[in-house]
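S.K.: mind looking at a prediction? Sequence and model below.
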Amino acid sequence: MAKKVLLLTLIGLIAKSVFLLGATAPLTVPTDPIVETQQSCAQPTGKAVQACRELEQHILATTVRIELQSWLVADDESGYNIDNTVSHATIKDGRYLVTHNHFSTPLSIRPQDGQTELYAVVTLSDSTGETFFKGPISDFELTWEDPETLVIAYKDDGLFEQLGIDSAEFSDWSSVPLEAGMEVAQVDWDGVETRIDWTTIQEVDIEDGVPRLVLDDDVMRGASGGGIFWQGTHIANNWLLVQHYGESGALTETTKVALNSAPISGEPIQAIATG
């Protein structure tokens, strides 16, 4: 991530207030049998076309884009180093953001003894890029952390519900009949707008390390943390883009995704100890 020196006067840009800039009308999960059958949404036909589009819109309504901008005091105190991170997350229970554990910058939600003074602002946008929230990262708290999944919560209950932002349904990996060839919906984006890609599972690995899937699709940088949905239910999040060359020499790109653990899919999410 590129670093830039920022003048001290930019400290004033860190607002301690929260700006709520808009909301979207809540959607409901489509009840068409498409979500309960094996019919493909990658190339739907007939009545499945509308059902698949409605399912995509529901998933996007529970998806948010996170832009984290932080200012870290330089070691020689001559100014600030600025860091911008873009990722995606899924709303849970009107309050929680479920995303990938990808933050490289020390955050106030991840306390560290003796860390350099840090200022950070989080901006949340919908799938079209319209901002609906902006405020200091200190307004959020870390509530759960798995090796490749992070759950943070706004300090007050029901913020996203109050804004009319939908919450997704969640399942852990043990409650889903995972197998290679299954079709899932994957959150991706083009750098401007977030979208849904329909792809298939190449591999299922729940025996070695982090329970994970390998999906037959690539994602753009910034889609990290975006949800993976099976029949409209969140089961995993984007973790890592994998590039490798096949026997023919052609470059192949797949995505490794981290499956939900029971605490992430459960109700309520347990608070993590910060002491």
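M.R.: Received it, and whenever you're ready, just let me know what you need.

S.K.: in stretch 82-91, what counts as buried?
M.R.: Judged by neighbour count (16 or more other C-beta atoms under 10 Å), stretch 82-91 contains these buried residues: 82, 83, 85, 86, 87, 88, 89, 90, 91. The way it works is simple: take the backbone N, C-alpha and C, and place the C-beta from them, glycine included.

S.K.: now find how far off-centre it is within its chain.
M.R.: A distance of 8 Å separates the C-alpha centroid of stretch 82-91 from that of its chain, computed with C-alpha atoms, centre = their mean, to the nearest Å.

S.K.: quick one on the thing from earlier: can you tell me which of the buried residues of stretch 82-91 is nearest residue 162?
M.R.: Using C-beta to C-beta, the shortest approach to residue 162 within those belongs to residue 91, at 12.1 Å.

S.K.: that older thread, next, format the buried residues of stretch 82-91 as a markdown table and append secondary structure, distance to residue 228 and pLDDT.
M.R.: Converted to a markdown table, the buried residues of stretch 82-91 look like this (DSSP: H, G, I helix; E, B strand; the rest coil; distance: C-beta to C-beta, whole Å; pLDDT from 0 to 100):
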| residue | secondary structure | distance to residue 228 | pLDDT |
| --- | --- | --- | --- |
| 82 | strand | 31 | 80 |
| 83 | strand | 27 | 82 |
| 85 | strand | 20 | 87 |
| 86 | strand | 19 | 92 |
| 87 | strand | 14 | 95 |
| 88 | strand | 11 | 96 |
| 89 | strand | 13 | 96 |
| 90 | strand | 10 | 97 |
| 91 | strand | 15 | 95 |
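
S.K.: ok, those residues vs residue 70, which is closest?
M.R.: When the buried residues of stretch 82-91 are ranked by distance to residue 70 (C-beta to C-beta), residue 83 comes first, at 4.9 Å.

S.K.: and that closest one, how close does it get to residue 153?
M.R.: Per C-beta to C-beta, to the nearest Å, residue 83 is found 23 Å from residue 153.

S.K.: next one: residue 196
M.R.: As judged by C-beta to C-beta, residue 196 and residue 153 stand 25 Å apart.

S.K.: again with residue 255
M.R.: Between residue 255 and residue 153 the distance, using C-beta to C-beta, works out to 26 Å.

S.K.: ok, these two, which is more surrounded?
M.R.: Relative neighbour count places residue 255 above the other of residue 255 and residue 153, with 26 against 21, counting by other C-beta atoms under 10 Å.

S.K.: correct me if wrong, but that one is in a strand.
M.R.: Yes - secondary structure assignment (DSSP: H, G, I helix; E, B strand; the rest coil) places residue 255 inside a strand.

S.K.: residues contacting it?
M.R.: Under the criterion of C-beta atoms under 8 Å, 6 or more residues apart in numbering, the contact list for residue 255 reads 186, 214, 215, 217, 218, 219, 238, 239, 240, 241, 242.

S.K.: do residue 257 as well
M.R.: Residues near residue 257 by C-beta under 8 Å, 6+ apart: 186, 212, 213, 214, 215, 228, 236, 237, 238, 239.

S.K.: what sits opposite the fourth one in the beta ladder?
M.R.: Beta-bridge partners recorded for residue 214 (DSSP bridges): residue 203, residue 256.

S.K.: wouldn't it be in contact with residue 253 here?
M.R.: No - Residue 214 sits out of contact with residue 253 when judged by C-beta atoms under 8 Å, with a separation of 11.1 Å.

S.K.: which neighbours do those two share?
M.R.: With C-beta under 8 Å, 6+ apart applied, the overlap between the contact sets of residue 214 and residue 253 consists of residue 242.

S.K.: show me where this structure has its helices.
M.R.: Assigned by DSSP state H, the chain shows helices spanning 48-61, 159-162, 262-265.

S.K.: from the contact counts, what lies against the last one?
M.R.: Looking back up the chat, that one is helix 262-265. Contact analysis of helix 262-265 by 3 or more C-beta pairs under 8 Å, 6 or more residues apart in numbering; DSSP states H and E lists strand 140-146 as its packing neighbours.

S.K.: partners of the strand it packs on, with directions?
M.R.: strand 149-154 (antiparallel).

S.K.: OK, contacts around the residue positioned nearest the centre of the chain?
M.R.: The centroid of the chain falls nearest to residue 89 when counting by C-alpha atoms, centre = their mean (2.2 Å). Under the criterion of C-beta under 8 Å, 6+ apart, the neighbours of residue 89 are 63, 64, 66, 97, 98, 99, 225, 226.
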